[in-house]
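**Student:** Sharing a sequence plus its predicted fold:
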Amino acid sequence: MSLLRIAWKNILQRRVASLLTSLSIGLGVMLMVLVLVIAGAVETAFTQRSIGYDLIVGPKGSDLQLVLSAVYRVQPPIENLPYMYLEQIRADRRVISAIPLAFGDVTQQGSFPIVGTTAEFFENDYMPGRRFRFRGGRIASLFDAIIGAEVARTNGWDVGTQFSILHGGAQGSLHDELFTVVAVLEPTGTANDRTVFLNLQGFYAIEGHEKPIDEVEKRLRDFYAADPQRLDSAMQQLQQYRVRRAANPDIREGQAMDSPPAMQEVTAILVKTRPATPFDAISLASELQKGFQAMAVNPIRPIQRFMASVVGNIQKALVVLTAVIILVSGVGIFVSIYNSMVDRRREIGVMRALGAGRHHVFGIILAEASLLCLGGAAAGWLAGHALAIIASPWVIRQTGLLIDPWAVSAIEAILFPALGLLGILVGFLPALTAYRTDVAEALSS
Amino acid sequence: MSLLLENIRKTYRQPEGGRLPVLGIEHFQLQRGEQVALIGSSGGGKTTLLNIIAGILTPDSGRVVIDGRDIVAMPEVVRDRYRASRIGIVFQTFNLLPAFTALENVMLGMTFSGRGVDPKFAQELLQRVGLGHRLHHSPKRLSVGEQQRVAVARSLANKPVLLLADEPTANVDPANQQLILDLIRDSCRDHNVSLLLVTHSMEAAASFQRIERLQDFNRPELCAPERSA
């Protein structure tokens, strides 16, 4: 009979105390696994090179907010850029693709973000080497929409479903226009899964999206103050538009009417530079940074900075907290085994009389503590991942985080050796007591 | 020769200081297969003597030779293993481990001998003591007599040369006392094992050919004054 089996039989002998102490370890491990699974999902979601673009161009402001709003769609937009600026970017020889995004609204059902864009968005890789795949047709008319897989699943929408959107967020007013789903994206594991894409022109056509001409003029004068040539061109477009609107007094203000580029705005621009010259992205970002009109940010860097400075520290704090819970549970195992040593003195004496050496009884007690720790850890690990499976649909719904319940982090890999070590540590003193047991005294007790 | 005791001296430290002489044995021996009943009064040093022979206690001086080797001179680790492989012990209170079944208790006796565990032999031993149908029962589901029979089987698990029995019938009901005694004696005879049975019951000792009174050969006063002072 191996020492491990003897230890196991001793554990079974005190099954209630063993179960409770092991359970406390298991709960600690379960909490740690949950923290790690969620932390892993956050890290994957926010550090993946998920957009396949080199730069994101947006109005001056927080680079983190620009990335979170344009790529991850979890923050409101900063402001808008004139559509004419998109044409400027497209004209740059270093740029091979510049895709406009207009956003800020959400769906009435489920509050999923709305993004107005062009067909080119779906022609590019959403992640390096990964292309969008659809079920359904393409955007053909003004109020057609393509929806992400999670939107379809959560809202129960499919091709042909009609839906309404709210202006400016969940508390906004309801737009009158009805949109029709023409295609559903296959899951991508990115924020695109919980996004509703509209035709950019349709986005402009929504009543209330067009600003008053005077306000647009003021913004353009500010934006192109240092570029009189473009400002003149913009002012000419506005003047012609004013005339056209005056000729159609039945069209209310805010209702678009085949508006010129000068009247239109974009919230962000996704930019791809020439792949053969990697410095293009750096030089373009640097140039834009010097100006006062817009900024260009690398989509990865602000997130990495944010993860390292805020999210990473919170995750570390939670992991440390759960580790402390596990340690406290370890102390529980120590107390349980140590207290049982008084009752088991005679049993130890009998084993010694049967020929067990001091090292044998020492090993049996250590094995007991380790089995309790490792057994609790195994149960807690399974429970943690099982809970992640059960909770993942809810988490996805609430946060948009795509949880992989069976993702195993590096910390989990060292969890079992660490708990084996904890077992040895908490078992050491009781084992030493067993080691030092006076056999003759124990037998006469 | 199975057992030879020479010049054994044993004293205990007293709480108020000084040492209490307990054993002073010049010579005692047991031939292979011999069966001896050792009688002594309570507190006379019987259990101390058994513990010394078993290597559980070490004497202050003297030699305890079992199967040709002096166990006093052995390092503790070697002595433990030697005890497991050469000496069987039957306790007054059976001392079965409650976490293990009858069969496992017998196999536990084999675990520490270094010869490996032989479940078939353990089973055979239990069958011989009439417990073939109780192999997987835990001690608490066995009667007192059955528990002591398991203890006897366990003591023989490593085919010892010497069996030490400390008042093995003291806690057994009168109906089973002779049964247990016969079982121990027959088992020792069958396996050619020497038996040293400690008892304070003349009735239990009566059937033995050789009966020794501890007070006849134990002279605690032999413990040197400087050691007992």
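**Tutor:** Happy to help now that I have it.
**Student:** make it CA atoms for all contacts and neighbour counts henceforth
**Tutor:** Will do.
**Student:** what residues does stretch A:323-340 touch?
**Tutor:** When contacts are taken as CA atoms under 8 Å, 6 or more residues apart in numbering or on different chains, the neighbours of stretch A:323-340 outside the stretch itself are A:17, A:21-22, A:24-25, A:28-29, A:32, A:369, A:372-373, A:422-423, A:426-427, A:429-430.
**Student:** which residues does the residue most central in space within chain B contact?
**Tutor:** Central residue of chain B (CA atoms, centre = their mean): B:Leu164, 2.0 Å from the mean position. By CA under 8 Å, 6+ apart, the contact set of B:Leu164 is B:Leu50, B:Ala54, B:Ile87, B:Gly88, B:Ile89, B:Val90, B:Leu195, B:Leu196, B:Leu197, B:Val198.
**Student:** Looking at the record's assignment, how would you partition chain A?
**Tutor:** For chain A, the structural domains run A:3-46+A:305-444, A:50-299, going by automatic domain parsing.
**Student:** How far does the helix or strand harbouring A:Ala323 sit from its chain's centre?
**Tutor:** Using DSSP states H and E, the secondary-structure element containing A:Ala323 is helix A:312-343. Distance, stretch centre to chain centre, for helix A:312-343: 30 Å (CA atoms, centre = their mean, to the nearest Å).
**Student:** closest point of chain A to chain B, which residue?
**Tutor:** Nearest residue of chain A to chain B (CA to the nearest CA) works out as A:Gly355 at 4.1 Å.
**Student:** distance of that residue from B:Glu212?
**Tutor:** Distance, A:Gly355 to B:Glu212, using CA to CA, to the nearest Å: 27 Å.
**Student:** Those two: which is more packed in?
**Tutor:** Of the pair A:Gly355 and B:Glu212, A:Gly355 is the one with more neighbours under other CA atoms under 10 Å in any protein chain shown, namely 32 against 17.
**Student:** Is that one in a helix, a strand, or coil?
**Tutor:** The three-state assignment at A:Gly355 reads coil, by DSSP: H, G, I helix; E, B strand; the rest coil.
**Student:** unless I'm mixing things up, it is touching B:Ile87, no?
**Tutor:** No. Here A:Gly355 does not reach B:Ile87: they are 9.0 Å apart, not a contact under CA atoms under 8 Å.
**Student:** Any buried residues in the helix holding A:Ala323, and which?
**Tutor:** Judged by neighbour count using 16 or more other CA atoms under 10 Å in any protein chain shown, the buried positions of helix A:312-343 are A:312, A:315, A:318-319, A:322-323, A:325-327, A:329-338, A:341.
**Student:** List phi and psi for B:Gly40.
**Tutor:** Backbone dihedrals for B:Gly40, given as degrees, to the nearest 10, come out at phi -170, psi 160.
**Student:** Repeat that for the one 10 residues further on.
**Tutor:** Backbone geometry at B:Leu50, expressed as degrees, to the nearest 10, gives phi -60, psi -40.
**Student:** Give me the neighbour count for it.
**Tutor:** 19.
**Student:** Report the buried residues of the lengthiest strand in chain A.
**Tutor:** Among the elements of type strand in chain A, defined by DSSP state E, the one spanning the most residues is strand A:95-107. Within strand A:95-107, the residues that qualify as buried by neighbour count (16+ other CA under 10 Å) are A:Val95, A:Ser97, A:Ala98, A:Ile99, A:Pro100, A:Leu101, A:Ala102, A:Phe103, A:Gly104, A:Asp105, A:Val106, A:Thr107.
**Student:** And the contacts of it?
**Tutor:** By CA under 8 Å, 6+ apart, the surrounding residues in contact with strand A:95-107 are A:70, A:76-77, A:86, A:89-90, A:112-118, A:120-121, A:163-170, A:196, A:200, A:203, A:265-274.
**Student:** Pull out the buried residues from those.
**Tutor:** Neighbour counting with 16+ other CA under 10 Å marks A:70, A:76-77, A:86, A:89-90, A:112-118, A:121, A:165-170, A:196, A:200, A:203, A:265-273 as buried within the contacts of strand A:95-107.
**Student:** picking that back up, now, the contacts of strand A:95-107 that are in helices?
**Tutor:** A:Leu86, A:Ile89, A:Arg90, A:Glu120, A:Phe121, A:Leu200, A:Phe203 (DSSP state H).
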